[in-house]
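>>> With the sequence up front, the predicted model follows.
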Amino acid sequence: MFGEKSARGDAREGMTLISEDAFFHGSLVVKGSLRVEGVFEGDISDAVDVEVGAKGRVVGNVAAETIVVAGEVVGDIVASRSLEILASGRVTGDIRVPKLKIDDGAFFDGSCAMGGADDKPRRRRARAEAEASGDGAYEKSAQ
């Protein structure tokens with residue numbers, strides 16, 4: 001992803017950059033691509049591509065189509081297409097993504113939900129109904 005062209009055209013068109021010496025605090029809605037080389041505290045949403053560089057650090061939730069982490073993300077990640085955690089990357093938080101790649105040496109601490117958008121609510125609803133009825137059917141079917 002770093003430097004690659006995607007099927008949607010040049011991902012660098014409209015690229016927002018938070019440079020290595022920059023510190024950003026707040027929420028950011030990005031309609032294009034974002035590269036974080038500095039420190040970002042807050043939530044990132046609506047982005048097409050988010051790249052967290054090797055020296056980049058994000059403390060907050062990230063929502064984008066495609067996300068690549070070479071630095072550190074502390075917060076939840078939702079990617080509608082894919083998430084890649086490179087060997088130097090660190091992710092602490094829950095992730096929801098249909099396609100996940102974690103390189104050898106990368107760090108991930110959290111839970112992961114994979115599949116389409118319809119899958120997770122259905123599982124939650126089945127579990128909640130089973131727990132409410134107290135019959136243990138969810139636990140039996142999950143084993």
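In hand now; what should we look at? Since the structure is predicted, the reported quantities are computational estimates derived from the model, not experimental observations.
>>> so where is the chain shaky, pLDDT-wise?
Of all residues in the chain, those with pLDDT under 70 make up the ranges 1-13, 116-143.
>>> care to break it down by domain?
As given by automatic domain parsing, the domain ranges for the chain are 15-110, 115-143.
>>> Out of the ones you listed, which is the most enclosed?
Highest mean neighbour count of the domains of the chain: domain 15-110, a mean of 18 (counted as mean count of other Cβ atoms under 10 Å). Yep, even glycine has a C-beta here, placed from its N, CA and C like the rest.
>>> That domain spans what distance, first to last residue?
From its first residue to its last, domain 15-110 covers 29 Å (Cα to Cα, to the nearest Å).
>>> got the contact list for stretch 99-113?
Applying Cβ atoms under 8 Å, 6 or more residues apart in numbering, the external contacts of stretch 99-113 come out as 76, 81-97, 114, 119-120.
>>> let's go with 7 Å and repeat that
Residues outside stretch 99-113 that contact it (Cβ atoms under 7 Å, 6 or more residues apart in numbering): 81-87, 89-96, 114, 120.
>>> what is the one residue sitting closest to the centre of the chain paired to in the beta sheet?
Computing the C-alpha centroid of the chain and ranking residues by Cα atoms, centre = their mean puts residue 77 first, at 2.8 Å. Residue 77 has these beta-bridge partners by DSSP bridges: residue 62, residue 95.
>>> so what's it up against?
So residue 77 contacts 62, 67, 83, 91, 93, 95 (Cβ under 7 Å, 6+ apart).
>>> Which SSE is immediately downstream of the helix or strand containing the third one?
Taking DSSP states H and E as the definition, residue 83 sits inside strand 77-85. Using DSSP H and E, the helix or strand that follows strand 77-85 in sequence is strand 90-92.
>>> Which residues does that following strand contact?
By Cβ under 7 Å, 6+ apart, strand 90-92 touches 69, 72, 73, 74, 77, 85, 107, 108, 109, 110.
>>> Reformat those as TSV; add distance to residue 41 and secondary structure.
Below are the contacts of strand 90-92 laid out as TSV (distance: Cβ to Cβ, whole Å; DSSP: H, G, I helix; E, B strand; the rest coil):
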residue	distance to residue 41	secondary structure
69	16	strand
72	12	strand
73	12	strand
74	10	strand
77	16	strand
85	20	strand
107	20	strand
108	21	strand
109	19	strand
110	19	coil
